[in-house]
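In: quick check, what structure comes out for this input:
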Amino acid sequence: MTNENLKPQPQNATIVDDNGAPFAAVNVGQMQADSIGPAFDIARHCQARHVLDQVSMKWLSRIGHERFGLVAANALWTTVQDLLDLTLTPVDNLSPGLYYRPILDDAYRNVTGNE
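Out: Reported below is the predicted structural model:
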């Protein structure tokens, strides 16, 4: 994808509840910037599960509980897009017989019962 195909993101976003009533405003750029640290911090400790709670608490105290959910959701997106996909792509190319992506599909089906 080239930069010409990217749609500009709004500077701010309003979060609404199930009834469409606004309950929060978010600076999109700040939220994205705040999510990069937790994404890479969690990824670098993925082999040490006992450390992950400490890492989460560190970022919760830095970001604050009001914003943590949105930042954590964006950190998940960053982890998947910028780390997992960039890791799986060369694995797919170098060792296609490992079938990591189909394994993820199977895991999804096992957890959700969906196709």
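In: next, the contact list for the spatially most central residue of the chain, please.
Out: Per Cα atoms, centre = their mean, the C-alpha nearest to the average position across the chain is that of residue 76, at 1.5 Å. The contact partners of residue 76, taken as Cβ atoms under 8 Å, 6 or more residues apart in numbering, are residue 39. All C-beta atoms are positioned from the backbone trio N, CA, C, and that covers glycine.
In: mind running it again at 6 Å?
Out: Contacts for residue 76 were tallied using Cβ atoms under 6 Å, 6 or more residues apart in numbering; there are none.
In: go on, residue 57?
Out: With contacts taken as Cβ under 6 Å, 6+ apart, residue 57 has no neighbouring residues.
In: that one: what secondary structure?
Out: Going by DSSP: H, G, I helix; E, B strand; the rest coil, the secondary structure assigned to residue 57 is helix.
In: and it, how close does it get to residue 76?
Out: Computed as Cβ to Cβ, to the nearest Å, the residue 57 to residue 76 distance reads 17 Å.
In: which parts of the chain are helices?
Out: With DSSP state H as the criterion, the chain has helices at 28-44, 49-63, 65-78, 85-94, 100-112.
In: need these in a markdown table (columns: mean pLDDT and distance to residue 12).
Out: Formatted as a markdown table, the entries for these read as follows, by pLDDT from 0 to 100; distance: least, Cβ to Cβ, whole Å:
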| stretch | mean pLDDT | distance to residue 12 |
| --- | --- | --- |
| helix 28-44 | 92 | 7 |
| helix 49-63 | 94 | 18 |
| helix 65-78 | 92 | 13 |
| helix 85-94 | 91 | 28 |
| helix 100-112 | 93 | 33 |
